[in-house]
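Engineer: give me a model of this one.
(chains A and B)
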2 protein chains.
Amino acid sequence: MSEPALGDIPAPLFRAAMHQVADLIADYLEHVGEYPVLPKIAPGDVRAQLPEKPPEQGEPLDALLGDYRRLIEPNVTHWNHPGFLAYFAITGSGPGILGEALAAGLNVNAMLWKTGPAPTELEETVTDWLRQMMGLPPQFRGHINDTASISSLLAIAAARHRVRDGDVRTRGMAGRVDLPPLTVYASEHAHSSIDKAVITLGLGHENLRKVPVDAAFRMNVAALDTAIAADRRTGRLPIAVVATAGTTSTTSVDPLVDVAKIARREKLWLHVDAAYAGAAAICPEYRQLMTGLEEADSIVVNPHKWLFTPVDCSVLLLREPDALKAAFALTPEYLKTSEGAGGATNLMDYGPQLGRRFRALKLWFVIRAFGVDGLRERIRAHCALAREFAQWVEKEPGFELCAPLPFSTVCFRAVPPGTPEEQDAFNERLLGSVNGEGPVFLSHTRLRDRFVLRLAIGNVRTAREHVAKAWELITRAARTLRAT
Amino acid sequence: MSEPALGDIPAPLFRAAMHQVADLIADYLEHVGEYPVLPKIAPGDVRAQLPEKPPEQGEPLDALLGDYRRLIEPNVTHWNHPGFLAYFAITGSGPGILGEALAAGLNVNAMLWKTGPAPTELEETVTDWLRQMMGLPPQFRGHINDTASISSLLAIAAARHRVRDGDVRTRGMAGRVDLPPLTVYASEHAHSSIDKAVITLGLGHENLRKVPVDAAFRMNVAALDTAIAADRRTGRLPIAVVATAGTTSTTSVDPLVDVAKIARREKLWLHVDAAYAGAAAICPEYRQLMTGLEEADSIVVNPHKWLFTPVDCSVLLLREPDALKAAFALTPEYLKTSEGAGGATNLMDYGPQLGRRFRALKLWFVIRAFGVDGLRERIRAHCALAREFAQWVEKEPGFELCAPLPFSTVCFRAVPPGTPEEQDAFNERLLGSVNGEGPVFLSHTRLRDRFVLRLAIGNVRTAREHVAKAWELITRAARTLRAT
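Structural biologist: Take a look at the predicted model:
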């Protein structure tokens, strides 16, 4: 094959650069722990070092890789750092990175079966593997999205599509005398993506009912019941309940069995946000904490959260995937294929996004490289580390745990003498001080209106020593702060 | 640093496998042209070769890479093939692949400035480069999304947010007596993603007015005017016009200046879908075809379409980016940061998706490796090839061009003797026959209700020989079909 007159960069240059990239990534993963998790820079510092104008002439790949090494790598927040213990810790694991790189080389857009046969069927296979791993019945079918935000939005859109025989799709919601406000229910600890989904779908933020939680931060089912009844009484139309298995603040699990009963009685779509804790469902002992999960109409679990898959990879498991097709499928002439007419899966039919990256490849690599047993072991190790950390907190005078610990995320705080506000300020300073050190990064939340620290274990590279280091820095900083 | 007890796959194994991946990708790019563009398989063939159950024990990386090579690579549709001339041809170019691999290694989620300082600022910089390259005024700010589907959805959501001082966000649209149906306008040649955006946002598919086009498939502005007036008369509330610069079927450009005048007069949000042709705007002679682009409120251009960047990378350029923040920003306690309070950009504020991959890196690499001049040369070469192909069609008896050719996509068909329906059937068989050969892949559309073939040049590896091969196969297949 002759070279095109113009074309890509010359093949030998690409090959050599790709080998450099292989070493850059391998070096990074071996040494990422030596960086401070949070780069010590201020907003604008990076941009100031970037040219304001794009280069007219092409630059050598060495210059690009050099600038990457000098300007980008040191100035990211190191999510792949074993000391990353904030938010939900995630991992771009080795097998996942291999898969992502190969997918970039293929550059498939699997919008149709015809435009990505292996990607489409691998997605069906690997999400079915995940279903089995989570102990869910065979009717659940998986669909990979970029984010849980979109997965949950799709679920609520499917719920909306049940209204008035699906006519919201055609007629919309505005200017209709026949359509009451449509309400959605989630606990006050549900993730902000549920708020954003309700806003995006045009349901209105005020029609998302934030149901109060019990002492363990789980949805109060009686309050859910009351809220639904009140809405029906006032002429509103409840359409969906979003239960959470692993809330963002405390990883609490809503009482799924009881919520499912109400959802079924009230004919509401039950979506379960298990973006984080769904991964733990691959261990029977943690799956037990999510009994009722199998009653859901849809479940989101993010392999890019706690299954060591590089972002982005969010799996929406659906009891009736056709509900999504009913809400979204639309085939313009230029995308019609005989395979689609013949019943092959066209992934574009299941949501608003036409373009689809090949995300199943990295998940396939991760599951195969670690094996289900290997994944379980790692989840269990994270949970065990979290329990050990929680014991240190419990034993330490002047500290307290702030929530039960079902999985691998610990909520705790220092309780120095003083008013609640002074205690909050103390913990906020404590967090800033610890995160300023470099080796670890923790985040915070508010529980019962008090500022609380969160230590979340989820990076596959996190070992006991990193958690111990976090505790050492926390207790030392607390001592220093108390002395000043 | 000691190894964690469990952890990632061992570092030396990863390094070796990543070098194998470097060669797998480099080999693929060198030899992709030897594959048939469309794999010769039927739905279910790949899945039948995949185990139904996930492996309990981890498997060696060699097994994964071997299966990738054996089962995945040959069974994808080869979007990176120089003979890929269907839909809009795209490219995972070398520099883009390097960037994507590095991004996978970093695995940053740049939802907040704090969680991705360099990714956030590189996104601001590189989208500003693109703005400059497209000759747009400095007030436009860029925001990278996964797909044009989402970029356009965000634009229409921003338009919706202008209604009633933004109260749709809070109150939603259902059950309100004060809210008339909200209407959106696009030409009948607008992309299906606009339909899906309107459906998703709850505006209702029937409230998307498909404005007729002129003989060159451009929005009929008088008809737009009439449609808006009719809707106002009947109590509807027009909110947005979506003009297209480079429609999917024929790459026609709506009359942007005239559409912009109406949009301004009617106080409608003007969104321009330039997902494909926006790339050509980096050449002054093609930018001229899009005069009026600078009048838009928002513009989507996909570097993953015709700027040689691996999927996914869609840039939404906004005149008032704060309009998106107003529609979407929402910061739960666990995501509050002092940098956000201080005015740093938190990318999560601009849409429904919280998680954000580091997509700016690959676009930075592409622009720098090719240089703006190099990108312009490649766009021009594609357009010149398309014009040459169009000349062959024009000169060939029994063939005709079906639409003007502003950029690099040619609409044409065979016109054998017979009824229009027979001609359609002939062209459909012709397409199947050509695509069945292997070296090239074309797609189709319908224009004025007739089946039309599309040849779209956009892959950086496509050279004159591939286009010539397509023409050879088309004319040969037409002769064979005529003879049977």
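
Engineer: can you show me the strands along chain A?
Structural biologist: Ranges of strands in chain A, per DSSP state E, are A:141-145, A:182-187, A:208-211, A:237-244, A:269-273, A:298-301, A:314-318, A:399-401, A:409-414, A:443-447, A:450-456.

Engineer: quick one: the fifth one to strand A:182-187, angle?
Structural biologist: Spelled out, it's strand A:269-273. On the basis of axes from the mean of the first three to the mean of the last three C-alpha atoms, to 10 degrees, strand A:269-273 is oriented at 40 degrees to strand A:182-187.

Engineer: circling back to that earlier point, okay, the strands of chain A in JSON lines with mean neighbour count next?
Structural biologist: Yep, even glycine has a C-beta here, placed from its N, CA and C like the rest. JSON lines is the format used below for the strands of chain A (neighbours: other C-beta atoms under 10 Å in any protein chain shown):
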{"stretch": "strand A:141-145", "mean neighbour count": "23"}
{"stretch": "strand A:182-187", "mean neighbour count": "28"}
{"stretch": "strand A:208-211", "mean neighbour count": "20"}
{"stretch": "strand A:237-244", "mean neighbour count": "27"}
{"stretch": "strand A:269-273", "mean neighbour count": "29"}
{"stretch": "strand A:298-301", "mean neighbour count": "31"}
{"stretch": "strand A:314-318", "mean neighbour count": "28"}
{"stretch": "strand A:399-401", "mean neighbour count": "17"}
{"stretch": "strand A:409-414", "mean neighbour count": "26"}
{"stretch": "strand A:443-447", "mean neighbour count": "21"}
{"stretch": "strand A:450-456", "mean neighbour count": "23"}
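
Engineer: now distance to chain B too, for those, in CSV please.
Structural biologist: What follows is the strands of chain A, written out as CSV (distance: least, C-beta to the nearest C-beta, whole Å):
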stretch, distance to chain B
strand A:141-145, 9
strand A:182-187, 5
strand A:208-211, 9
strand A:237-244, 8
strand A:269-273, 12
strand A:298-301, 12
strand A:314-318, 8
strand A:399-401, 17
strand A:409-414, 11
strand A:443-447, 4
strand A:450-456, 7
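
Engineer: okay if I get the ones you listed as JSON lines plus mean pLDDT?
Structural biologist: Formatted as JSON lines, the strands of chain A follow (pLDDT from 0 to 100):
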{"stretch": "strand A:141-145", "mean pLDDT": "98"}
{"stretch": "strand A:182-187", "mean pLDDT": "98"}
{"stretch": "strand A:208-211", "mean pLDDT": "98"}
{"stretch": "strand A:237-244", "mean pLDDT": "98"}
{"stretch": "strand A:269-273", "mean pLDDT": "98"}
{"stretch": "strand A:298-301", "mean pLDDT": "98"}
{"stretch": "strand A:314-318", "mean pLDDT": "98"}
{"stretch": "strand A:399-401", "mean pLDDT": "98"}
{"stretch": "strand A:409-414", "mean pLDDT": "98"}
{"stretch": "strand A:443-447", "mean pLDDT": "97"}
{"stretch": "strand A:450-456", "mean pLDDT": "98"}
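
Engineer: closest one to residue B:357 among these?
Structural biologist: Among the strands of chain A, strand A:314-318 comes nearest to residue B:357, with 11.8 Å by C-beta to C-beta.

Engineer: strands paired with that closest one, and their directions?
Structural biologist: Applying DSSP bridges to the sheet, strand A:314-318 is found paired with strand A:141-145 (antiparallel), strand A:298-301 (antiparallel).

Engineer: tell me which of those strands sits nearest to residue A:174.
Structural biologist: strand A:298-301 (26.1 Å).

Engineer: contacts for the closest one, please.
Structural biologist: Contacts to strand A:298-301, defined as C-beta atoms under 8 Å, 6 or more residues apart in numbering or on different chains, come from residues A:130, A:134, A:136, A:140, A:148, A:151-152, A:154-155, A:158, A:269-275, A:278-279, A:281, A:293, A:307, A:314-319.

Engineer: same thing with stretch A:444-456?
Structural biologist: For stretch A:444-456, the external contacting residues (C-beta under 8 Å, 6+ apart) are A:85-89, A:217, A:248-250, A:386, A:389, A:402-403, A:408-413, A:420, A:423-425, A:427-428, A:430-431, A:442-443, A:467, A:470, A:474, B:333-334.

Engineer: which helix or strand in chain A has the lowest average pLDDT?
Structural biologist: helix A:338-341 (a mean of 79; mean pLDDT, DSSP states H and E).

Engineer: tell me which parts of the stretch 201-350 of chain A are close to chain B?
Structural biologist: Residues of the stretch 201-350 of chain A lying close to chain B by C-beta under 8 Å from any C-beta of the partner chain are A:201-207, A:235-237, A:248-249, A:304, A:308, A:310-312, A:314, A:327-328, A:330-335, A:339, A:342-345.

Engineer: filter these to the buried ones?
Structural biologist: Neighbour counting with 16 or more other C-beta atoms under 10 Å in any protein chain shown marks A:201-204, A:207, A:236-237, A:248-249, A:304, A:308, A:310-312, A:314, A:327-328, A:330, A:332, A:334-335, A:339, A:344-345 as buried within those.

Engineer: now, which of the residues you listed lie within helices?
Structural biologist: A:304, A:327, A:328, A:339 (DSSP state H).

Engineer: for the residue nearest to residue A:105 when sequence neighbours are not counted, give me its contacts.
Structural biologist: Leaving aside its sequence neighbours, residue A:105 sits nearest to residue B:25 (C-beta to C-beta, 6 or more residues apart in numbering or on different chains; 3.6 Å). By C-beta under 8 Å, 6+ apart, the residues touching residue B:25 are A:18, A:101, A:102, A:104, A:105, B:97.

Engineer: which of those residues has the most neighbours?
Structural biologist: Neighbour tally across the contacts of residue B:25 (other C-beta atoms under 10 Å in any protein chain shown): the maximum, 33 neighbours, falls on residue B:97.

Engineer: so it touches residue A:102, yeah?
Structural biologist: No - judged on C-beta atoms under 8 Å, residue B:97 makes no contact with residue A:102 at a distance of 9.7 Å.

Engineer: got phi/psi on residue A:358?
Structural biologist: phi -90, psi 80 (degrees, to the nearest 10).

Engineer: so where's chain A uncertain?
Structural biologist: Applying pLDDT under 70 to chain A flags residues A:1-5.

Engineer: for it, longest helix please?
Structural biologist: For chain A, the longest helix by residue count, based on DSSP H, is helix A:360-395.

Engineer: by how many degrees do it and strand A:450-456 diverge?
Structural biologist: 130 degrees.

Engineer: packing partners of helix A:360-395?
Structural biologist: Here helix A:360-395 touches helix A:94-106, helix A:117-133, helix A:303-306, strand A:399-401, strand A:409-414, helix A:464-483, helix B:61-67, going by 3 or more C-beta pairs under 8 Å, 6 or more residues apart in numbering or on different chains; DSSP states H and E.

Engineer: who touches the third one?
Structural biologist: In other words, helix A:303-306. Residues contacting helix A:303-306 (C-beta under 8 Å, 6+ apart): A:88, A:90, A:130, A:275-277, A:279-280, A:309-315, A:363, A:366, A:379, A:382, A:408, A:458, B:355.

Engineer: how far off centre is that helix?
Structural biologist: Its chain's C-alpha centre and that of helix A:303-306 lie 6 Å apart, by C-alpha atoms, centre = their mean, to the nearest Å.

Engineer: dump that helix to CSV, restricted to CA.
Structural biologist: Provided in CSV are the C-alpha atoms of helix A:303-306 (Å, rounded to 0.1, in the frame of the first residue of the first chain):
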residue,chain,number,x,y,z
PRO,A,303,-16.7,-0.2,36.6
HIS,A,304,-14.7,3.0,36.4
LYS,A,305,-15.3,3.5,40.1
TRP,A,306,-14.4,0.4,42.0
